[in-house]
Every structure is written in C-alpha cells, then in structure tokens.
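Visitor: Next comes the sequence, and after it the predicted model I'd like to discuss.
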Amino acid sequence: MPIQIMMPALSPTMEKGKLLRWLVSEGQMVNPGDAVAEIETEKATVEVEAVDQGKVAKLLVPEGTEGVKVNTPIALLEGGAPGATLKTHVRARAESVKMTTAGSPVHTEPRPMSGPIAADTALGAGAVIGRSRLVGAHGPPLARPMSDLAPSERVDQPKTQYIRSGAIDADPVAGWLVVVKGPGRGGYRPIFVGMNSVGRDVGQRISLNFGDDMISREEHAFIAYDEEARRFYLQHGGKANLVRLGGQPVLSPTELHAYDLIRIGKTTLRFIPLCGPEFAWSDELGDA
C-alpha cells in the first residue's frame, strides 16, 4: 500500500510553500536520506530528504506549484504495511539549504576566504562565498561584536546562514556537537571556524532543529573557535533558559574542552573538537 509523502513544515510558522523542483522521478527507488525535492519558502529554498524507503509511485504536485499547504500529500511511495496508507514527512537537509532573498536568489562568483565568514555588506543576501551562502537583510557593519549586544539590539542585525554546498571549502569545520540526550539523540551538527550562533531556526550557524522547543529559535548560545589561539569558547545568548556546561550555568564566556557536555533546554550535547593544539586549518600538512 502507498506511503503518502506530505508537505513538510520547515519552520514553526510555515503554513505553505512552493514545490520548486523534484529531484526524483516516478518509478525511482529512494532510501532514507535521499534528496527528493526542493521546497521554497519566503526565506529559503530547502532541499528535503526522504525518511522512508520505497519506489516513487506518483508525484502528486507538479514542479513550480505555489501555495502548497503544510501536510498536503505531494507524492506516493510504494511500500508500508499491507492494508494501510501511511503518512510521512520529508525533512530538511539543513546543510544543503540554498538561500534566497525577496523571493529571488542572488549569485556571485565564489571568492577565497582565509578566515571565518562574517556578514559582508558588500554582498547581497544569498551570495555564494565559496561553499557558503548568506541570508537575511544586511545592514551596516556592527560597531561591536554580536555577542556584546543585548537581545533587543540584535533584532535588526544580519542573520547569516552557512551552507556547505559547493566545491570549495571556504568554511572549514572545527569540530562537532553530538546529541547524546533528548530529541535528535544520535544526530550531530558541525562547528565552524569563528563565531557560531546556536538555535533551532535553520538560519542559525548551528541549527539544533531536532524538535526541542525549549531551545530558542535564534541565538540561544554562541560557540566560538579562535583559530589563532586554537581554543573553543561557549557563551550564553541572554535567554531565559540557561545554558549549562558540565551541569553549571554558563554566565560568561567559558572555554570548552574535548568531550564536555553542554545542556540547552532538554538537549544534551557532547563537544567533539577537530581543531586545537594538534591541528588547525592554517597548518601545512605533509603527506599522510
């Protein structure tokens, strides 16, 4: 019997979106994790993946259809238990989001980067920077670091999405956060060089979009990797729900060490560093 693939909600406020492009065709076999479609919202074009295995029996919604409501069946898979019609959602592939602004993508030629990528006022939102894209309304450069601003001062500041989707690694990974307890247990997110905002919105540099609604959508915390000092730091984002490191509240920037446990909301994360005293991306490595 068929499995219905439903239009996913890519954010808590999303009600409908545009089915921009199918990445599969009828008769094709798909496995969990395979990209199946691109969905366009007001803020982003998101590549989504299957959560079930089966053969694509029918594509119910044509490419380019606008205003497709969340939970609307968009395709059928052959599979599932006999005598039942199952409903399943595809899920966003956060590391493959292609960002847009005002409904139109903005493209520029990739340029090399030697350090962390910041919100660049010389580029439009959606500009490709090596393997990254920016999203949001870009204003004037900040006179102070984002981490020094009160939450009320951050409202109209640039929101930056870092996406690894090209051939040039201009945004190197410095480590990972692995979910060891709570929603999304077993999942992980990369930590990049520089300042990383942490929240459940897909626009965060570290997007903990596993279903823990006790994590703020934006800037619940910050994790920074200082390439020069080769050290990681954890900082709270001024939210009511405290960020805890090893069970203790983080009230000021605190250095992270390998395998530290970070708790945000109902989610506990294990910190796994790649960079540090033994390795940095600025090192010249010989043949392995």
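Guide: Ah, there it is. Numbering: from 1, shown residues only.
Visitor: any weak-confidence spans in the stretch 51-200 of the chain?
Guide: 79-170 (pLDDT under 70).
Visitor: try 80 this time
Guide: 79-171 (pLDDT under 80).
Visitor: OK, contacts around Ala57?
Guide: Listed by C-beta atoms under 8 Å, 6 or more residues apart in numbering, the contact set of Ala57 reads 2, 26, 75-78. Placement of C-beta: from N, CA and C, glycine included.
Visitor: can you do 6 Å?
Guide: 2, 76, 78 (C-beta atoms under 6 Å, 6 or more residues apart in numbering).
Visitor: helix or strand for it, which one?
Guide: Applying DSSP states H and E as the criterion places Ala57 in strand 54-59.
Visitor: Could you report the neighbour count for the closest residue to Ala75 other than its chain neighbours?
Guide: Leaving aside its sequence neighbours, Ala75 sits nearest to Ile5 (C-beta to C-beta, 6 or more residues apart in numbering; 4.3 Å). Ile5: 28 surrounding residues under other C-beta atoms under 10 Å.
Visitor: Tell me what Ile5 is bridged to.
Guide: Ala75, Thr88 (DSSP bridges).
Visitor: Can you give me the end-to-end span of stretch 232-248?
Guide: 17 Å (C-alpha to C-alpha, to the nearest Å).
Visitor: ah, wrong one, I meant stretch 4-18
Guide: 18 Å.
Visitor: in that stretch, what's buried?
Guide: Buried residues in stretch 4-18, counted by 16 or more other C-beta atoms under 10 Å: 4-11, 14, 17-18.
Visitor: coming back round to it: the residue nearest to Ala75 and Glu78 touch, don't they?
Guide: No - Ile5 lies out of contact with Glu78 (C-beta atoms under 6 Å); the separation is 11.8 Å.
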